[in-house]
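Undergrad: here is the input, now give the coordinates:
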Amino acid sequence: MSREKIHIIIHEDGSLRPEDILTLQSSLPCSVISREEADSLIIPQLANYQACLEYRQKHVFGLKLFDITLLETDILAYCDTDILFLKPFSGLFNISHFAADAVFMEDCREAYALRPWHLWPIGPEKLPAKINAGLICFDTSKFDLDRINYFLKKYRDEDAFVKHHAWIEQTCWAVAASKLRCKIYDPLEFIISNPGTLHRFEQTTAIHFVSLHRKLISQVKEPDSEKLNLLEPQTVNVKIPRRATSYSLFRSAMLGRMGYDG
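TA: Sure thing, here's the model as predicted:
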């Protein structure tokens with residue numbers, strides 16, 4: 001659906017066989033960075049950031065947080081593979097047009113590895129609300145390793161880090177963007193899949209089928225290719241996110257316990 005030419009850089013986590021890599025390279029406009037190559041380049045860069053290095057060694061999402069950022073010398077343009085684009089689009093990673101340093105999707109909840117008392121106005125952390133790291137556009141020159149290392153060291157023994165370890169990486173992106181010009185992709189155009197958004201699927205540019213609601217992809221109709229060819233590409237829009245608060249995190253936690261997103 002992209003109206004701009006793309007080249008995909010795949011960061012391999014060590015699980016792909018040589019024949020898998022050949023299949024990808026023959027099927028997609030892509031190149032592959034192996035886990036071995038990434039280790040040789042990233043580990044020395046994190047030598048003075050012990051908490052960052054420890055996180056990368058223990059959690060697969062640490063590869064995403066550090067490898068895609070530190071190996072990109074310009075603007076990071078990242079997309080999860082569980083995002084389905086439904087309409088032609090342009091300008092997805094045009095960060096200068098967005099007047100931003102960091103752009104993300106908006107989540108349907110505060111999916112952060114923190115407790116309400118860690119967030120403003122009760123706690124010290126002032127983060128943008130509902131950051132989702134499925135789509136990332138980030139000026140890598142402003143990625144502050146010192147800040148991330150301090151954050152990981154400060155909270156690594158907290159129970160929220162243990163219980164919500166899958167959200168640590170996403171929380172770190174919010175921390176990285178908290179003192180920058182942060183924007184979110186228009187949540188009417190880019191949505192997170194859940195039962196409450198089913199009626200919007202045909203009205204959106206892209207849907208992030210997160211693991212909890214991945215089966216909802218069966219509800220999406222195959223786009224009509226002839227009609228798509230007649231459509232003008234959607235120019236991607238962004239908005240300024242709200243600030244996450246103690247209340248918004250508490251509300252998300254309570255709704256999550258009851259089986260609701262929000």
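Undergrad: show me what contacts residue 25?
TA: 31, 32 (CB atoms under 8 Å, 6 or more residues apart in numbering). Where you see a C-beta, it was placed from the backbone N, CA and C, and this is true even at glycine.
Undergrad: just the strands in the protein please.
TA: Taking DSSP state E to define them, one finds strands in the chain at 8-11, 30-33, 75-79, 83-85, 89-90, 102-106, 131-139, 182-185, 190-192, 206-208, 234-235, 238-239.
Undergrad: include mean pLDDT and distance to residue 39 when you put these into TSV, please.
TA: Conversion of the strands of the chain to TSV gives the following (pLDDT from 0 to 100; distance: least, CB to CB, whole Å):
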stretch	mean pLDDT	distance to residue 39
strand 8-11	95	11
strand 30-33	96	10
strand 75-79	97	20
strand 83-85	94	27
strand 89-90	95	35
strand 102-106	98	26
strand 131-139	98	22
strand 182-185	98	30
strand 190-192	95	32
strand 206-208	95	29
strand 234-235	92	39
strand 238-239	98	34
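Undergrad: can you lay out those strands as a markdown table showing distance to residue 145 and mean neighbour count?
TA: Shown next, in a markdown table, are the strands of the chain (distance: least, CB to CB, whole Å; neighbours: other CB atoms under 10 Å):
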| stretch | distance to residue 145 | mean neighbour count |
| --- | --- | --- |
| strand 8-11 | 18 | 14 |
| strand 30-33 | 20 | 14 |
| strand 75-79 | 14 | 18 |
| strand 83-85 | 27 | 17 |
| strand 89-90 | 32 | 17 |
| strand 102-106 | 15 | 25 |
| strand 131-139 | 13 | 23 |
| strand 182-185 | 18 | 23 |
| strand 190-192 | 28 | 24 |
| strand 206-208 | 27 | 23 |
| strand 234-235 | 34 | 18 |
| strand 238-239 | 26 | 18 |
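Undergrad: of those strands, which approaches residue 55 most closely?
TA: strand 131-139 (14.6 Å; CB to CB).
Undergrad: partners of the closest one in the sheet?
TA: In the sheet, strand 131-139 lines up against strand 75-79 (antiparallel), strand 102-106 (antiparallel) (DSSP bridges).
Undergrad: tell me where this structure has helices.
TA: 18-27, 35-45, 50-58, 61-62, 68-70, 95-98, 145-155, 159-163, 168-177, 225-230, 246-257 (DSSP state H).
Undergrad: one step back: figure out which of the strands of the chain is closest to residue 53.
TA: Smallest distance to residue 53 across those (CB to CB): 17.2 Å, for strand 8-11.
Undergrad: before we move on, back to that, please identify the deepest-packed of the helices of the chain.
TA: For the helices of the chain, the stretch with the most neighbours on average is helix 168-177, a mean of 24; neighbours defined as mean count of other CB atoms under 10 Å.
Undergrad: can you name the residues in contact with that helix?
TA: 55, 59, 61-62, 64-65, 101-102, 104, 107, 111-114, 125, 127-128, 131-133, 136, 138, 143-144, 147-148, 151-152, 161, 244.
Undergrad: quick one: low-confidence ranges for the stretch 1-150 of the chain?
TA: For the stretch 1-150 of the chain, no stretch is flagged by pLDDT under 70.
Undergrad: how about the stretch 151-262 of the chain?
TA: If you take pLDDT under 70 as the line, the stretch 151-262 of the chain has these spans: 262.
Undergrad: got the strands paired with strand 131-139 as TSV, with distance to residue 249 columns?
TA: Below are these laid out as TSV (distance: least, CB to CB, whole Å):
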stretch	distance to residue 249
strand 75-79	25
strand 102-106	15
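Undergrad: separation between residue 106 and residue 255?
TA: For residue 106, the distance to residue 255 equals 16 Å [CB to CB, to the nearest Å].
Undergrad: right, I'll call it a day here.
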